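Novice: A structural model of the following input is requested.
(3 chains)
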Amino acid sequence: MPELPEVETMVRGLRRIVGRTVARTRLSHDDILYRTTRRRLLAGLSGVTLTGVSRRAKHAVVSTSRGTWLVVQPGMTGSLYLRRGALTADDTRYGVLRCQLDDGRTLVYHDVRRIGSLRLLDQEAFVAWEAALGPEPLATDFTARDLAASVGRTRQAIKKALMDQRLLAGVGNIYANEALFVASIDPSKPANRIPDAAWLPLHRALRRILRTAIAAEGSTIRDYRTGDGRPGGFQKAFTVYGREGEPCIRCGTALTATHLIDARVTVFCHRCQR
DNA sequence: ACGAGGTCCTGCGAGC
DNA sequence: TGCTCGCAGGACCTCG
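Specialist: As a prediction, the model looks like this:
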């Protein structure tokens, strides 16, 4: 499930597309499009030169010579990669978007479940989209105070608040679980009742985990692969995610799993996380 | 304005 | 063996 580290890894594998021109584009399903149409997407990509690729939150962002941006939200099972040479059967079956480039490579957006989305934005729409997202947790100037000011303004459970992309960008279920364990915070605690002293450890835990996960090229649960087809490595470092019933690495208590927060799996140590 | 809960989509694994 | 069913989940959307 691509969160910040996985999308960052995808994007780093796509540097080569910069300067390339799109020769031909194919789209297998329209249901992946967000507020655009097949016709607009295909016309918008036809003949453009790709001028940059970056990450914002959990999205891969490809800028074009036409002053537009292709924004890819990989959702659960999406990945964006560059295929050199002929496409495989799998590329063809699940490659929802396939852009043939002028160097013979193909930029593929692969998504089995198509929970992800594709959008093509002009300048105005891009600025508005960008502005609606919360701060980047790995930005050099992002402080614990910024984290508290943004995430701490809701009375939602802290775990849900961390995953709210309007409050903080890029954090999903896995990294929220992991960061809250490291910072010893109860995931169900209302965000606006987190004590002042807890924001610093949470900020430190979040940034350390995200950086370490990027260095490991993300976490692979099932589908996620790097641009070279390798699984990520950070799942080996999970302390809570996927470890329900197993002993807490700190105190040995069996880890608890619940679906009570936002109907997603939350795993935590009820003894260490208060 | 906010929060809770439904929806999308497909593959996989459990259970019969 | 072959089928059905529930589950995974990020973001959007509707409803109260």
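Novice: What strands flank the least confident helix or strand in chain A by mean pLDDT, and is each parallel or antiparallel?
Specialist: Lowest by mean pLDDT, DSSP states H and E among the helices and strands of chain A is strand A:256-258, with a mean of 86. Using DSSP bridges, the strands paired with strand A:256-258 in its sheet are strand A:266-268 (antiparallel).
Novice: pLDDT on the lengthiest helix in chain A, on average?
Specialist: The longest helix of chain A (DSSP state H) is helix A:196-215. Averaged across helix A:196-215, pLDDT comes to 95.
Novice: now stretch A:82-89
Specialist: Mean predicted confidence for stretch A:82-89 is 92.
Novice: Now it: buried residues?
Specialist: Neighbour-count burial for stretch A:82-89 flags A:82, A:83 (criterion: 16 or more other CB atoms under 10 Å). In this view, the C-beta of every residue, glycine as well, is placed from N, C-alpha and C.
Novice: Surely residue A:147 touches residue A:204?
Specialist: No. Here residue A:147 lies out of contact with residue A:204, judged by CB atoms under 8 Å, at a distance of 10.0 Å.
Novice: if you count what's nearby, which of the two comes out ahead?
Specialist: residue A:147 (23 against 14; other CB atoms under 10 Å).
Novice: and the more buried one, what element?
Specialist: Using DSSP states H and E, residue A:147 maps to helix A:144-151.
Novice: after that helix comes which helix or strand?
Specialist: helix A:158-163.
Novice: What are the contacting residues of whichever helix or strand comes after that following helix?
Specialist: Downstream of helix A:158-163, the first helix or strand assigned by DSSP H and E is helix A:173-182. For helix A:173-182, contacts defined as CB atoms under 8 Å, 6 or more residues apart in numbering pick out A:1, A:3-5, A:158-159, A:162-163, A:171, A:186-187, A:201-202, A:205-206, A:208-210, A:213, A:219, A:221, A:238-241, A:264-269, A:272-273.
Novice: Please see if helix A:173-182 touches DNA strand B.
Specialist: No. Figure legend: helix A:173-182 not in contact with DNA strand B (CB under 7 Å from any atom of the strand); closest approach 13.1 Å.
Novice: Contact residues of the stretch 1-150 of chain A facing DNA strand B?
Specialist: A:31, A:76, A:112, A:113, A:114, A:115.
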